[in-house]
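Asker: below are the sequence and a predicted model; questions follow.
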Amino acid sequence: MYPRPPLRPFVTLRALIPALALSLAAGCVDTNPTEPIANEPNVPSTLRGRAVNVLGTVSVTNKNVTFNVWDSGQIDGDIISLNVNGDWVLENYTLGATKRAISVTLPSRGYSYVVLYAHNEGSLPPNTAALSINDGAREQNLVLSANLQTNGAYNLRVTP
Ligand SMILES: [Ca+2]
């Protein structure tokens, strides 16, 4: 009888598995290839028929973030909606002095955006919302301003 051939294909596969696991753990392999990733700022130029004014870019280190929104100045009845990456995460909300928390999951890396849409300007134009974004490591404070012609927006950049 001939000797059995060596089981090289199995040995090779078994040797590859730890390397594959290691590269997954190191984030070298995209574990969710269907997730939309924007490598450049992706704020739409208009939203609900109004131009979008980008006020800045904020970097966060975690895709799971919590926004807090409130009126840090005189409470004058400003009503807002917030849009994150095309989804309305808050609608027709009247700003008060206390913070309203909204938890959002962003794509795991790359650019996202948040847009402030003003339903009115309150008794003291324009519509101003204090907005903070907490990624678990730190809380960053922003001021969003919008009027009845223009939406205010920030780029959000997830850098894990
Ligand atoms: Ca106002």
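Answerer: Everything's here; your move.

Asker: rest of the way, CA atoms for contacts and neighbours
Answerer: Fine.

Asker: what's near enough to touch residue 153?
Answerer: 43, 52-56, 113-116, 144 (Cα atoms under 8 Å, 6 or more residues apart in numbering).

Asker: sitting in strands, which of those residues do you find?
Answerer: The strands, defined by DSSP state E, take in 52-56, 113-116, 144 from the contacts of residue 153.

Asker: so how far is residue 38 from residue 143?
Answerer: Noted for residue 143: a distance of 24 Å to residue 38, by Cα to Cα, to the nearest Å.

Asker: so which of those two has more stuff around it?
Answerer: Per other Cα atoms under 10 Å, whichever of residue 143 and residue 38 has more neighbours is residue 143, with 17 against 13.

Asker: excluding covalently adjacent residues, which one is nearest to the residue most central in space within the chain?
Answerer: Centroid-nearest residue in the chain, with Cα atoms, centre = their mean: residue 106, separated by 4.0 Å. Nearest residue to residue 106, sequence neighbours excluded (Cα to Cα, 6 or more residues apart in numbering): residue 63, at 4.8 Å.

Asker: what about that neighbour, how many residues nearby?
Answerer: Neighbours of residue 63 using other Cα under 10 Å come to 20.

Asker: residues contacting it?
Answerer: Counting by Cα under 8 Å, 6+ apart, residue 63 has contacts 105-109, 135, 158, 160.

Asker: switch those over to CSV; also include distance to the ion, secondary structure and pLDDT.
Answerer: Below are the contacts of residue 63 laid out as CSV (distance: Cα to the ion, whole Å; DSSP: H, G, I helix; E, B strand; the rest coil; pLDDT from 0 to 100):
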residue, distance to the ion, secondary structure, pLDDT
105, 29, strand, 97
106, 29, coil, 97
107, 32, coil, 96
108, 34, coil, 95
109, 34, coil, 95
135, 28, coil, 97
158, 30, strand, 97
160, 36, coil, 88
